[in-house]
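# Here's my sequence, what's the structure:
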Amino acid sequence: MGFPGTWMTESESVVYRVVPKCACSTIGQIMYYSDHGTFFDGDIHDAETGLHKWAHEHSQPKITANVRDHRSYAFTCVRNPYTRILSSFFDKICGIQRNGKRYRGNLVPLLVQKYGIEVGEPETNFEFDQIRSFRRFLLFARDTIRWRRPMEPDIHWSAMSGHISTFIVNGGRYDRIFWTEQFNDGMQKVLDAIDTPHEIRLDRIPRFNESEGHGPKRAHPVEDYFDDLSMHLVYEIYKKDFNLFRYDFQNPANKMPTGEIDLDEVHAKLGE
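Model prediction:
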């Protein structure tokens, strides 16, 4: 299976396992800058050169050799499951994508027809009942993850533990997993542990949120979107994420972690 979703600097200073909706655009740009002294002009996900990616066939042998021998510092980044699934909904379901179209072509019409979801339109300033539609989207996300219907689960709302486990199962080991909610602190510890051709000053790095401005703004506090049933569905989908990465399932309003991540526990439970 190899190491899907893995990026590595060309200098092999660091290895990163991408987790969608967890600051991956900013992290990718930091990695690119650390090698080249400049940011990639565009969405880093579109970069064909300047960064080794598992999706590029020529990069696969280099990534495999590096990760299997643990030659470089390896890390990933996680996010509160409540805010992550909300972000996926507003970006991928309600938003207009970089190509000017809806995400995955017929996905939104399918959701409208089968789940009664509304997403709004740019022409009407995306006016719709966000809470009702989001809760219906949660049913769809649960159906894709639990029963793989009406489609396979999408990478943007499948569990973080699933993404992170592929790296471990295939022979990799993480040196650090940090939270987007404490991004500068976590990313600085990664940078302190590696040598890069170009120095990174985190206080001068912009946030690269490629999905921003392409869809509706969240109109309510996070906790308003989750009633008892919604919380139950979220826990059913993301139980491992809450437990391993120390997020507060009981309180959707608390986006901050409640304890330290135990790397040995992560490797033991996700390496089975």
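
# The host helix or strand of Lys239: which residues count as buried?
For Lys239, the host element (DSSP states H and E) is helix 228-244. Within helix 228-244, the residues that count as buried by 16 or more other C-beta atoms under 10 Å are 230-231, 233-234, 237-238, 240-242, 244. In short, each C-beta sits where N, CA and C put it, glycine included.

# possible to save these as TSV with distance to Pro109 and pLDDT?
Below are the buried residues of helix 228-244 laid out as TSV (distance: C-beta to C-beta, whole Å; pLDDT from 0 to 100):
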residue	distance to Pro109	pLDDT
Ser230	24	97
Met231	29	98
Leu233	23	96
Val234	25	97
Ile237	24	95
Tyr238	27	97
Lys240	32	97
Asp241	30	98
Phe242	32	98
Leu244	36	98
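
# which one of those is nearest Ile44?
Closest approach to Ile44 among the buried residues of helix 228-244 (C-beta to C-beta): Asp241, at 24.0 Å.

# need the contact list for the closest one.
78, 81, 159-161, 247 (C-beta atoms under 8 Å, 6 or more residues apart in numbering).

# By neighbours, which of those residues wins?
Counting neighbours by other C-beta atoms under 10 Å, Val78 comes out on top of the contacts of Asp241 with 27 neighbours.

# Does that one touch Ile177 like I think?
Yes: using C-beta atoms under 8 Å, Val78 makes contact with Ile177 at a distance of 6.2 Å.

# so what sits against both of the two?
With C-beta under 8 Å, 6+ apart, Val78 and Ile177 have common neighbours 164, 245, 261.

# Find the nearest non-adjacent residue to the last one, please.
Distances taken as C-beta to C-beta, 6 or more residues apart in numbering put Ile177 closest to Ile261, at 5.2 Å, once the chain neighbours are dropped.

# Okay, now the sheet partners of the helix or strand encompassing that neighbour, with direction.
According to DSSP H and E, Ile177 maps onto strand 176-179. Strand 176-179 sits in its sheet next to strand 73-78 (parallel), going by DSSP bridges.
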